[in-house]
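>>> one predicted model, sequence on top.
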Amino acid sequence: MACAFTKITQRFIMRKIFLPIASILILCSCAEKYSVVGSSANMLDGTMAYIQTLVEQNNGEVIDSSEIIHGQFRMAGTIDSAQCVRLTMGAENFPMVLEPGNISISISNNMVKLEGTPLNDSLYHFLMKRDSLQILFDDLSHKECDMVLDGYTQDEIMQTLANESARLNADLDHLDTKFILDNMDNTLGTFWFLRLCYEARDYYGFPTTTPQIDEIYLEAPESFKQNPQIREYMKQVNGGN
């Protein structure tokens with residue numbers, strides 16, 4: 001009888017020990033590894049590279065850091081889920097997604113190449129398209145000079161430039177909207193939607209929306225609308241209600 005009681009007690013004790021260990025293992029299994037390997041031709045040795053949360057989210061809290069040595073820096077750690085962050089080096093900062101996998105970054109002459117993980121590939125493919133549109137915007141001033149030299153009247157020049165600007169703005173809006181709608185199930189959609197919201201707020205001086213923001217929000221699933229930051233912004237737009 002004593003032996004049976006001892007065995008039952010041992011099994012009970014082992015079960016109590018096993019359950020917390022199992023819980024820890026389950027929690028640990030949620031975290032996945034990330035690796036960031038970067039090079040920068042612009043930064044002096046000793047400059048620090050930081051991965052920080054976005055200012056609007058958590059005041060730019062530092063997640064990871066590395067000293068740049070011979071133009072190279074490395075960071076590694078674990079993350080529970082992908083999140084949009086910023087990579088800061090000196091006065092420069094760039095958007096990136098901190099997600100599981102091997103992230104490669106190359107910076108030279110203000111050109112950034114960031115690749116290696118699915119969301120970062122998607123983000124920088126999108127940003128390259130935006131940059132192409134921005135170049136066309138910048139070319140409008142050159143086009144104005146060319147038209148003046150070619151003898152166009154001021155009215156003709158203004159009308160042509162206004163039409164070109166409107167077309168490029170429409171293309172930009174379409175690009176932003178499609179990117180957000182295509183990424184509503186991940187951190188990229190939330191990140192860029194909030195960027196549009198904060199741009200509207202900064203431009204008008206108070207939390208508000210635009211027809212583009214309203215269009216996106218109408219098409220968004222409830223899970224997107226229930227994101228804490230989006231919910232808080234829309235609450236401010238509606239006067240705190």
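Cool, the structure landed. Numbers count the residues shown, from 1 in each chain.

>>> can we go C-alpha only for contacts and neighbour counts from here?
Noted.

>>> quick one, phi psi at Arg74?
Main-chain dihedrals, Arg74, degrees, to the nearest 10: phi -140, psi 140.

>>> list the residues that contact the closest residue to it other than its chain neighbours.
Among residues not flanking Arg74 along the chain, Val37 sits closest, at 4.7 Å (C-alpha to C-alpha, 6 or more residues apart in numbering). The contact partners of Val37, by C-alpha atoms under 8 Å, 6 or more residues apart in numbering, come to 72-75, 102-105.

>>> how confident was the prediction at Val37?
If you check Val37, the pLDDT there is 97.

>>> A strand includes it, no?
Yes: Val37 sits within a strand when classified using DSSP: H, G, I helix; E, B strand; the rest coil.

>>> quick one: it from Leu114, how far?
Val37 is 10 Å from Leu114, where distance means C-alpha to C-alpha, to the nearest Å.

>>> and what of Cys145?
Cys145 sits at a distance of 36 Å from Leu114 (criterion: C-alpha to C-alpha).

>>> when those two are compared, which one has more neighbours?
Set Cys145 next to Leu114 and count neighbours by other C-alpha atoms under 10 Å: Leu114 wins out with 23 against 11.

>>> number of nearby residues for the closest residue to that one other than its chain neighbours?
Ranked by C-alpha to C-alpha, 6+ apart and with sequence neighbours excluded, the top spatial neighbour of Leu114 is Ile105, at 4.5 Å. Summarising burial for Ile105: neighbours were counted as other C-alpha under 10 Å, giving 19.

>>> give me the distance between the residue most central in space within the chain and Glu222.
By C-alpha atoms, centre = their mean, the mean C-alpha position of the chain lies nearest to Cys84, the distance being 3.6 Å. Distance check for Cys84 against Glu222: by C-alpha to C-alpha, it reads 21 Å.

>>> domain-wise, how is this protein divided?
The chain breaks down by automatic domain parsing into domains covering 1-29, 31-116, 121-237.

>>> what sits in contact with each of Val37 and Leu114?
Counting by C-alpha under 8 Å, 6+ apart, the contacts common to Val37 and Leu114 are 103-105.

>>> in helices, which of those residues appear?
Judged by DSSP state H, the shared contacts of Val37 and Leu114 include no members of helices.

>>> which parts of this structure are strands?
Secondary structure of the chain (DSSP state E): strands at 32-40, 48-53, 62-67, 72-79, 83-89, 92-98, 101-108, 111-115.

>>> Gly151: which of these is closest?
strand 111-115 (37.3 Å; C-alpha to C-alpha).

>>> now the closest one against strand 92-98, angle please.
Interaxial angle of strand 111-115 relative to strand 92-98 (axes from the mean of the first three to the mean of the last three C-alpha atoms, to 10 degrees): 10 degrees.

>>> looking at this protein, which helix is longest?
Max-length helix for the chain by DSSP H is helix 118-149.

>>> show me the shaky parts of the protein.
The chain contains residues with pLDDT under 70 at 1-30, 57-58, 241.

>>> roughly how far apart are the closest residue to Gly90 other than its chain neighbours and Glu219?
Closest residue in space to Gly90, ignoring its immediate chain neighbours: Thr47 at 6.8 Å, by C-alpha to C-alpha, 6+ apart. Distance from Thr47 to Glu219, counting by C-alpha to C-alpha: 44 Å.

>>> show me which of these two is the more surrounded one.
Thr47 (15 against 10).

>>> what's the more buried one sitting at in phi/psi?
Per degrees, to the nearest 10, the backbone of Thr47 is at phi -70, psi 140.

>>> residue contacts, the closest residue to Cys84 other than its chain neighbours?
Nearest non-adjacent residue to Cys84, counting by C-alpha to C-alpha, 6+ apart: Val97, 4.4 Å away. Neighbour list for Val97: 82-86, 119-120 [criterion: C-alpha under 8 Å, 6+ apart].
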